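K.L.:
Just a sequence and a predicted model for now, questions to come.
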Amino acid sequence: MANSDPRTGDSVDKGQIEAVLQTETGGRALTGPAAVILFIIPLVWSLFQLWIASPLPYILEIGIFNSTEARSIHLAFATFLAFSAFPMIKGRHANKVPVYDWVLALAAAFASSYLFVFYDQLSTRPGAPITQDLIVALGGLVLLLEATRRALGLPLAIVAAVFIIYSVFGPYMPDVISHKGVSLNKLASHQWLGTEGVFGVALGVSTSFVFLFVLFGALLERAGAGNYFIKVAFAMLGHMRGGPAKAAVVSSGLSGVISGSSIANVVTTGTFTIPLMKRVGFPATKAGAVEVAASTNGQLTPPIMGAAAFLMVEYVGISYLEVIKHAILPALISYVALIYIVHLEACKLNMQGIERLNKPTLAQRMLTWVVLLIGLSVLTLAVYYGIGWMKTWLGEAAIWVLGPLLLLVYIALVAYSARFPALEEDDPDKDLTELPEVGPTVKTGLYYLVPVVVLVWCLTVERFSPQLSAFWATLFMIFIVVTQRPLQSYFRKHGRVLEEFRAGCADLAHSLATGARNMVGIGVATATAGIVVGTVTLTGIGLVMTEFVEFISGGNLLLMLIFTAIISLILGMGLPTTANYIVVSTLMAPVIVTLGAQNGLLVPLIAVHLFVFYFGILADDTPPVGLAAYAAAAISGADPIRTGIQGFTYDIRTAILPFMFIFNTQLLLIGLTGWFDLLITVFSAVTAMLVFSAATQGYWFTKTRMWETVLLLLITFTMFRPGFWWDMVYPPHENRPATEIYEYVETLPADKDLVLKASGMSLDGADVTKFMKLTIPGGDSAQQRVMDAGLELSPGEGGIMNVDFVGFDSPAEKAGIQFGWTIDAVQVENKRPPKELMFIPALLLLGLLAYGQLRRRSREAQPHAAT
């Protein structure tokens, strides 16, 4: 499948796709003993990760590793594979591993495992490394940078090297960012011999959570779930206008749940969807751009989210379930909007859908959806309450009943799937003139959903940790990979049960090895990004960044957000999404929160982290570097730069979302008061995104005029942020003298937030004034409730209150209030009509625009009809 690159005239084929994927899957195609070693090592790595995630070490009381030891071994595997699987120079030694690479791989593995091997000795000399420690630590840092360069390219290695240089040569830096500098002993102890740098939170998340989820995805893919999701999407959506493109969006979203990698999504789903989009009339550039936009958005889709969800758990300090809750609505409305964009493109090109074999009537389709909805609802309630009842009735013995019951459900679904023809891998060069029936296609792989249900159940109902939830889901997935072939052979009466069982075991071994190989880049990236995090804590550059960004933005929060978005995009062009997220969130998240508080806008930390994450993802299709765009262009034969530009125009809808949820946190499901509030939020957000899509595409019911586009953008803004206009008419709150604090607390329900304006001197000697949120517990009196929140106050002059005492580890201390500060004002909410009333004029205006466009479309169609 070779095409001509319009820029150079060179051949564009699968070799280029492999080159783009190199950063994710490994750079060498080996044979002989080297291939065996690079199969066994990843296999052992996966088994190690499964072991430390399981309860077996604690049951058998052997092989127990603490978190630092586990991180050390995890990085040892990653660095060994980085040197052995990736050549020093791309294109050289692609089929063999030279001796020096084996030596470097062993040296890197030893340096990485040093904390594990010498854990007891190191614990006796914290912060005082001996010569051996210093040599290993500094050598390890150099080897880690080289492993990063090989596996992920030069940009991340350069960023980490710059931060190391900054640590050592701080006194020689410009005054605005200078510091006293650190010694090599201090650098080695902080970055390599402790848990503040390389072996910090980021690598811990990679060790605990991310590996198992990536392995879970590799097992699903090997079992055939990826192909199943693509087939289901095409069967359900292929009959619509631009059906293959809509199916590409849905299948990429489903694949994102498995892989969490935009480039892998493009290559796995794009090899099938892009040629199909071209055959139904999409230009090559737009076909590639649709796949790019859909695949980059796959990383926004919970539960995996390109590993960032697990990092947010640690950095933000909230549960994994909370991260998913906050991320789900923006991800869903972003995908709905992309499907709508594809529909508008299909309307512009006057495309038609692909005919189904047995086309159902409208009544039949509606009945099918109603029956499906009712069936799923009944099944969900039966499972939820049925299992809850069994757990109550059986107590600790419930697992011995529910476990076999789950296996019976799986076997029954495999038996049911065997009644239908197996799904074959599609040939992307073959025309698709008819669509398969939805029913049989869906039924062939229902058992793939069982491990996903197990994962969601463990996370949401049992409230297990992400690590334990992923372990049980992965364990069940391992069982499926091994048994699905022999079971299907048995139920289809093919008589090759033993042969298929061997094939299932081979699939399992390859899945374990593939999952580990896919983790090399993430493992190395999180370790190297830890250098940046360690530098921030070592040098205090975080405080410097706050002052620097505040100076550049003039204290304007919007300008600072734009500045942060640009940094994320630029760094994301060369850094993997995970590393980009760690670097930018470490530097910029505290700055945004601090400046927001100084301007009276209390930005939740999760909103800032999602803001950074979104723009890091968008870098995957941002010219001139976007790797996902290059992968799609290699398949479509279009120009990569044009593909990237077109993909970014589709992704503008994703780019505005972070700005909206910073100023309207209801989009993250924060501050909702009930189900009605939730429905209004979902309705307004979806409507706003669809209207924005029409505005950016220049087409709704017909081609939009300039003034219509302006009005559509105005409606979008109003639906996303109704409070902007409402606050002009009805101020949301007023600042009252701090001496009224106790009067206001009397009216507050228990565990509600109190917003205070406080001022004082920070630890670095600067005068600070900012707003902060303080949770007030219940109590007998207002004074007691404030004291329980950690504050002891006394009246001052001019209506202020002096802070006489701040309780240790109290809500007041966590909010940032310090002894010696003053409370200048209490922010009291005003009673006002709901801001959602602004939706009424916005929807009326939208209705008028729709009426005008429909009339114009009718008039434009009349001459053609007459002709």
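P.N.:
Structure received.
K.L.:
what's the spatially closest residue to residue 709 that is not a sequence neighbour sitting at in phi/psi?
P.N.:
Counting by C-beta to C-beta, 6 or more residues apart in numbering, residue 695 is the residue found nearest to residue 709 once chain neighbours are left out, at 5.1 Å. For the C-beta atoms, the positions are set from N, CA and C on the backbone; glycine is no exception. Phi and psi for residue 695, reported as degrees, to the nearest 10, are phi -60, psi -40.
K.L.:
Which pLDDT value goes with residue 695?
P.N.:
Here the pLDDT value assigned to residue 695 is 89.
K.L.:
same deal with residue 77?
P.N.:
95.
K.L.:
and it, how far is that from residue 444?
P.N.:
36 Å (C-beta to C-beta, to the nearest Å).
K.L.:
how many neighbours does the residue nearest to residue 739 when sequence neighbours are not counted have?
P.N.:
Spatial nearest neighbour of residue 739, chain neighbours left out: residue 799 (5.2 Å); criterion: C-beta to C-beta, 6+ apart. By other C-beta atoms under 10 Å, 14 other residues sit near residue 799.
K.L.:
Make sure residue 218 is actually in contact with residue 507.
P.N.:
No. At 10.6 Å, residue 218 does not count as touching residue 507 under the criterion of C-beta atoms under 8 Å.
K.L.:
Tell me who's in contact with residue 291.
P.N.:
Shown in contact with residue 291 (C-beta atoms under 8 Å, 6 or more residues apart in numbering): 248, 252, 266, 269-270, 273-274, 277, 632, 635.
K.L.:
and which of these is nearest residue 159?
P.N.:
residue 266 (24.8 Å; C-beta to C-beta).
K.L.:
Contact partners for the nearest residue to residue 223 once chain neighbours are set aside?
P.N.:
Leaving out its chain neighbours, the residue that sits closest to residue 223 by C-beta to C-beta, 6+ apart is residue 481, at 5.1 Å. By C-beta under 8 Å, 6+ apart, the contact list for residue 481 reads 219, 222-223, 504, 507-508, 511.
K.L.:
same check, this time on residue 109
P.N.:
Residues in contact with residue 109 (C-beta under 8 Å, 6+ apart) are 76-77, 79-80.
K.L.:
Distance of residue 408 relative to residue 394?
P.N.:
16 Å.
K.L.:
okay, the two: which has more neighbours?
P.N.:
The residue with more neighbours, out of residue 408 and residue 394 and counting by other C-beta under 10 Å, is residue 394; that gives 13 against 10.
K.L.:
For the more buried one, pull up the helix or strand it's in.
P.N.:
helix 362-394 (DSSP states H and E).
K.L.:
Enumerate the positions of the following helix or strand past that helix that are buried.
P.N.:
Tracing the chain C-terminally past helix 362-394 and defining elements by DSSP H and E, one meets helix 398-417 next. Counting neighbours by 16 or more other C-beta atoms under 10 Å, one finds that the buried residues in helix 398-417 are 398, 406, 410, 413-414, 417.
K.L.:
likewise stretch 92-108?
P.N.:
93, 97, 101, 104-105, 107-108.
K.L.:
Much appreciated, bye for now.
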